[in-house]
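Trainee: sequence and predicted model, in that order:
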Amino acid sequence: MTGAGKTEMIFPLIQYALDRGGTVLVATPRRDVVLELAPRIAAAFPSEPAAVLYGGSTQRWEQARLFLATTHQLLRFHQAFDLVIIDELDAFPYHNDPMLAFAAEASCKPNGYFIYLSATPPLSLQREIRRGKLRHAKVPARFHGYPLPVPRRAAMGSVEHALQRQRLSASLLTPLNESIQRGAQIFMFVSRIWHIKPFVTLLRGKFPALSIEGTSSQDEERSNKVLAFRSGEIRILVTTTILERGVTVPKSDVYILDADSELFDEASLVQMAGRAGRSKDDPNGIVVFASPEWTSAQRAAVKQIKSMNKIAIKSGFLRTANPKKGE
């Protein structure tokens, strides 16, 4: 599940392989996730410098025993690793790309170990799990022991309609003001890149005192803006699904506009919702699905989140009290 601490769970396994002289690869489809993971891996393994590989990386020919890379970089390796871990396997461009899947498996030694990590595994893997053909471990709760935030519905017009009217819906402004008053960083997801700039302008007009920016896959300053957002310099970041995974902001709320878009399936909605409530100091983040229609994908995403919470409660993984300040 998103925010369960999947990355931290693999640290003992990585250490086990390194202690036995093995070489380890942690790969993920997106460069943003690699840049997010790199400092966490470095902090966990200070005596084992990692080679960090992605398009444009300066460590292209680095020699190391621990590698962190985008999945495209795996085309360079053949039976090179004793342990291969593919994180976010359901993400573009790895998902549904047979070439990258082949390269990933080929990078592992014949007697090595190959592991998938995913909060929203593809249906094909889910079927293998149900049939008992794929060994797995299911984590229904986050590391801090509080339930996943369940998305609220905000019935409102489309982003296009808001831009035409140059007005924000009251059903959006009510929870948005709540998020601002509680001091949260706000992820605001939209379905179209060309909506970002005009929607940022609209938000700035409504909230002139806040620092509001937008970013997408076409933004050369994306990495710097994400860093500024994480540090609190930016309060609202309007973006696309490029940031639906791999970015952790301690105190954040999530707003998904045009949540009924055909571009937002159940998995992507769950991933975006998973940006909220990740910190033990702020586990009860706000998630809002805002759209004219309440689609099957939205209903399924809410159902999945509630189901994971029920499993976590039944398994005794959740605390019964709300977190207290400073806890």
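Mentor: Arrived safely.

Trainee: what stretches of the stretch 101-250 of the chain score poorly on pLDDT?
Mentor: Within the stretch 101-250 of the chain, the stretches with pLDDT under 70 are 246.

Trainee: 80 instead?
Mentor: Residue ranges of the stretch 101-250 of the chain with pLDDT under 80: 119-126, 138, 244-247.

Trainee: the helices in it, which residues?
Mentor: 123-130, 159-165, 170-181, 193-206, 222-231 (DSSP state H, counting those that start in this stretch).

Trainee: which residues sit against the fourth one?
Mentor: So the one you mean is helix 193-206. Under the contact criterion CB atoms under 8 Å, 6 or more residues apart in numbering, helix 193-206 has outside partners 159-160, 162-163, 166, 168, 173, 188, 190, 210, 212-218, 236, 238-240, 257. No exception for glycine: its C-beta is placed from N, CA and C like everyone else's.

Trainee: 7 Å instead?
Mentor: The contact list for helix 193-206, computed with CB atoms under 7 Å, 6 or more residues apart in numbering, reads 159, 162-163, 166, 168, 190, 212-214, 216, 218, 236, 238, 240.

Trainee: again with the last one
Mentor: Outside helix 222-231, the residues within contact range by CB under 7 Å, 6+ apart are 35, 185, 213, 215, 234, 237, 247, 249.

Trainee: among those, who's most crowded?
Mentor: residue 237 (26 neighbours; other CB atoms under 10 Å).

Trainee: so what's it bridging to?
Mentor: residue 187, residue 213 (DSSP bridges).

Trainee: ok, it - contacts?
Mentor: Counting by CB under 7 Å, 6+ apart, residue 237 touches 187-188, 213, 215, 225, 229.

Trainee: picking that back up, got a markdown table for the contacts of helix 222-231, with distance to residue 50 too?
Mentor: Below are the contacts of helix 222-231 laid out as a markdown table (distance: CB to CB, whole Å):
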| residue | distance to residue 50 |
| --- | --- |
| 35 | 13 |
| 185 | 28 |
| 213 | 30 |
| 215 | 26 |
| 234 | 28 |
| 237 | 28 |
| 247 | 20 |
| 249 | 23 |
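
Trainee: now, which of those residues sits nearest residue 29?
Mentor: Ranked by distance to residue 29 (CB to CB), those are led by residue 35 at 13.0 Å.

Trainee: of the helices of the stretch 101-250 of the chain, which is nearest residue 298?
Mentor: Of all those, it is helix 170-181 that lies closest to residue 298, at 14.9 Å by CB to CB.

Trainee: ok, and what's touching that closest one?
Mentor: Helix 170-181 is contacted by residues 152, 154-156, 186, 253, 255, 286, 288, 290 when judged by CB under 7 Å, 6+ apart.

Trainee: 10 Å instead?
Mentor: If you take CB atoms under 10 Å, 6 or more residues apart in numbering as the criterion, helix 170-181 is touched by 152-157, 162, 167-169, 184-186, 188, 203, 206-207, 209-210, 235-236, 251-255, 257, 276, 285-288, 290.

Trainee: pull out the buried residues from that helix.
Mentor: Across helix 170-181, burial judged by 16 or more other CB atoms under 10 Å covers 171-173, 175-176, 179-180.

Trainee: and for stretch 131-151?
Mentor: Neighbour-count burial for stretch 131-151 flags 139-142, 144, 146-149, 151 (criterion: 16+ other CB under 10 Å).

Trainee: can you check stretch 295-307 too?
Mentor: Neighbour-count burial for stretch 295-307, counted by 16+ other CB under 10 Å, picks out 295, 297-298, 301-302, 304-305.

Trainee: format those residues as a markdown table; extra columns: distance to residue 42 and pLDDT.
Mentor: Formatted as a markdown table, the buried residues of stretch 295-307 follow (distance: CB to CB, whole Å; pLDDT from 0 to 100):
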| residue | distance to residue 42 | pLDDT |
| --- | --- | --- |
| 295 | 41 | 97 |
| 297 | 37 | 96 |
| 298 | 38 | 98 |
| 301 | 33 | 95 |
| 302 | 37 | 97 |
| 304 | 33 | 92 |
| 305 | 32 | 94 |
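
Trainee: list just the nearest of the contacts of helix 222-231 to residue 17.
Mentor: Scanning the contacts of helix 222-231 for proximity to residue 17, where the rule is CB to CB, the winner is residue 35, at 23.3 Å.

Trainee: spatially nearest residue to that closest one (excluding sequence neighbours)?
Mentor: residue 223 (6.3 Å; CB to CB, 6 or more residues apart in numbering).

Trainee: give me the number of residues near the one you found?
Mentor: There are 13 residues near residue 223, going by other CB under 10 Å.

Trainee: remind me what the longest strand along the chain packs against, helices and strands.
Mentor: The single longest strand within the chain, with elements called by DSSP state E, is strand 108-117. Applying 3 or more CB pairs under 10 Å, 6 or more residues apart in numbering; DSSP states H and E, one finds that strand 108-117 contacts helix 6-9, helix 11-19, strand 24-28, strand 81-87, helix 98-106.
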